[in-house]
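**Student:** Everything below, folded, please.
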Amino acid sequence: VRYAMDSLRSSREMDSNWWLETMELGRASETKALAEYMRKQGSDDNTPRTGQERVLDCQLREAAALSERALKQLKLNWPKTLSAAKSHPYYVLEKDLNKRQMLVPGAKLTGKFLKAYPLYLRSDVAELCSADGWLRRGKQVKVDEEPVRILEGRAGGGSAAACGVTRLFAPWQTIPYEPPAARDGKVPKNEYGNVLCPPLVPVLPRGVSKLSFPRIGRICREMGIDWAPSVVGFERRSGRYTPKTDGVVVCSEFHDAVLGRYVEEETARAESDRRRIRSVCRAAWRSLLHALLKRRALRLEYGSSKAVPAPCPRPPVGSLSCSEGSEVSPQAGLGLGSVVPLPGGEDGGRFQVEREEI
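**Tutor:** Prediction:
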């Protein structure tokens, strides 16, 4: 059913005896195909195999047969319109390629035309990337290679004056990425004085270690070892793309020494912060206690024996004056237990000082 598009009609017209005889003839071909498949996989036909392995072999051969059948159908069902050719998985028109695509040299014609446009195989289409783009894919451009295409445009989306070009290279102009190596305690840097780290490149340079901690660059400078900022991406700032750094890169032989020094510095820094916070808290409490003591001394020295008058009625919001007929003796002061009118607030602006003993 999965291999025949008209299986239902064929099953009604099929003779059962003929079908059994035909299947019997095909068993020899099936055994031969299985032996060929096992030979390609590098295993011996006489090797005993478990039931799970046999089921897996059948599934793999069935998937290969289905993919081959789908490919044959794609070859037969070639696009008949220009819009269908744009999204066809097997055929493509050269005019539908974008600016970062091109046909590989020596691409063969399929012999089919669509409104005077020749159809090519989509497998003959090559993707073009810049040198940095190929680097992210684990490849690097060969030395002295000329770009196959140059795109003009603004560099980093900046102002009109900051215009640049993008040089695109084809896959046949690249080789597998070979990371540089650290030598004599020196970190391999690029022309900008930093080191590209994953995910910008597949792997770090050989013989280096990455330390992603804040303020660790200062430790490296104080120790006098060679280091470089690690660039892990780019971020947009003020309309331009700038490198995004995350820690530093040092040689592997200095990794433990730098990390130990960093732990000591951070421990001392945390202890200093705790002492500073404790000193600030003590000063605040000392100031508060001195103010309370001074207030108590003034109340005892200048306080009147007369009873403190009744508190003022609730003043309007935002007003500091009491209602008419009420007055507060200036000799009474602002002792404990008195009511002080304050502007605003949900309670009408009054605040009562609790009576406490110092």
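
**Student:** use CA for all of it now, contacts and neighbours both
**Tutor:** Will do.

**Student:** got any ranges where this protein has weak pLDDT?
**Tutor:** 1-15, 26-52, 54-55, 70, 73-75, 153-163, 304-358 (pLDDT under 70).

**Student:** Return the longest helix in it, judged by number of residues.
**Tutor:** Criterion DSSP state H: the longest helix present in the chain is helix 255-302.

**Student:** Mind giving me the packing neighbours of that one?
**Tutor:** helix 216-223 (3 or more C-alpha pairs under 8 Å, 6 or more residues apart in numbering; DSSP states H and E).

**Student:** and V165, how far is that from A283?
**Tutor:** Plainly put, V165 is 62 Å away from A283 if you go by C-alpha to C-alpha, to the nearest Å.

**Student:** about what we covered before: tilt between the longest helix of the chain and helix 216-223?
**Tutor:** 110 degrees (axes from the mean of the first three to the mean of the last three C-alpha atoms, to 10 degrees).

**Student:** Pretty sure T166 sits in a helix.
**Tutor:** No - counting by DSSP: H, G, I helix; E, B strand; the rest coil, T166 is located in no helix; its state is strand.

**Student:** what bridges to it?
**Tutor:** With DSSP bridges applied, T166 shows beta-bridge pairing to L151.

**Student:** Double-check it against S130; I have them as touching.
**Tutor:** Yes - judged on C-alpha atoms under 8 Å, T166 makes contact with S130 at a distance of 6.8 Å.

**Student:** Show me which of these two is the more surrounded one.
**Tutor:** S130 (19 against 16; other C-alpha atoms under 10 Å).

**Student:** where does that one fall, phi/psi-wise?
**Tutor:** Note on S130: its backbone torsions stand at phi -80, psi 170 [degrees, to the nearest 10].

**Student:** can you pull the contacts of the nearest residue to it once chain neighbours are set aside?
**Tutor:** Spatial nearest neighbour of S130, chain neighbours left out: L168 (4.5 Å); criterion: C-alpha to C-alpha, 6 or more residues apart in numbering. Contact analysis of L168 by C-alpha atoms under 8 Å, 6 or more residues apart in numbering lists 100, 128-131, 147-151.

**Student:** Quick check: L168 vs P147, distance?
**Tutor:** Applying C-alpha to C-alpha to L168 and P147 gives a distance of 5 Å.

**Student:** and for the two, which residues touch both?
**Tutor:** If you check L168 and P147 against C-alpha under 8 Å, 6+ apart, no residue is contacted by both.

**Student:** So the nearest residue to L200 once chain neighbours are set aside versus S87, what's the distance?
**Tutor:** Spatial nearest neighbour of L200, chain neighbours left out: R136 (5.1 Å); criterion: C-alpha to C-alpha, 6+ apart. Per C-alpha to C-alpha, R136 is found 27 Å from S87.

**Student:** separation between L93 and R122?
**Tutor:** For L93, the distance to R122 - C-alpha to C-alpha - is 9 Å.

**Student:** And those two? Which one has more around it.
**Tutor:** Using other C-alpha under 10 Å, the more surrounded residue of L93 and R122 is L93, with 18 against 15.

**Student:** quick one on the thing from earlier: just the buried ones out of the contacts of L168, please.
**Tutor:** For those, a burial check counting by 16 or more other C-alpha atoms under 10 Å picks out 100, 128-131, 147, 149.

**Student:** and the residues you listed, which two are the farthest apart?
**Tutor:** Longest distance between any two of the buried ones among the contacts of L168 is 13.2 Å, between R100 and A131; criterion C-alpha to C-alpha.

**Student:** what separates Y90 from G106, distance-wise?
**Tutor:** 18 Å.

**Student:** scratch that, C197 is what I was asking about
**Tutor:** 37 Å.

**Student:** More neighbours: the two, which one.
**Tutor:** Counting neighbours by other C-alpha under 10 Å for C197 and for G106 shows that C197 has the greater number, 20 against 7.

**Student:** Kindly provide the distance from the more buried one to L204.
**Tutor:** 6 Å.

**Student:** cool, V231 as well?
**Tutor:** Taking C-alpha to C-alpha, one finds V231 at 11 Å from L204.

**Student:** overlap in contacts of these two?
**Tutor:** Shared contacts of V231 and L204 (C-alpha under 8 Å, 6+ apart): 196-197.

**Student:** In stretch 269-289, which residues are buried?
**Tutor:** In terms of neighbour count (16+ other C-alpha under 10 Å), stretch 269-289 has no buried residues at all.

**Student:** CA atoms only for that stretch - export them in PDB, please.
**Tutor:** Provided in PDB are the C-alpha atoms of stretch 269-289 (Å, rounded to 0.1, in the frame of the first residue of the first chain):
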ATOM      1  CA  ARG A 269      36.500  42.300  48.300                       C
ATOM      2  CA  ALA A 270      33.400  40.600  49.900                       C
ATOM      3  CA  GLU A 271      34.900  41.000  53.400                       C
ATOM      4  CA  SER A 272      35.700  44.700  52.700                       C
ATOM      5  CA  ASP A 273      32.100  45.200  51.600                       C
ATOM      6  CA  ARG A 274      30.700  43.600  54.700                       C
ATOM      7  CA  ARG A 275      32.900  45.800  56.900                       C
ATOM      8  CA  ARG A 276      31.900  48.900  55.000                       C
ATOM      9  CA  ILE A 277      28.200  48.100  55.300                       C
ATOM     10  CA  ARG A 278      28.600  47.400  59.000                       C
ATOM     11  CA  SER A 279      30.300  50.700  59.600                       C
ATOM     12  CA  VAL A 280      27.600  52.600  57.800                       C
ATOM     13  CA  CYS A 281      24.900  50.800  59.900                       C
ATOM     14  CA  ARG A 282      26.700  51.700  63.100                       C
ATOM     15  CA  ALA A 283      27.100  55.300  62.100                       C
ATOM     16  CA  ALA A 284      23.300  55.500  61.400                       C
ATOM     17  CA  TRP A 285      22.400  54.000  64.700                       C
ATOM     18  CA  ARG A 286      24.800  56.300  66.600                       C
ATOM     19  CA  SER A 287      23.300  59.300  64.900                       C
ATOM     20  CA  LEU A 288      19.800  58.200  65.800                       C
ATOM     21  CA  LEU A 289      20.700  57.600  69.500                       C
END
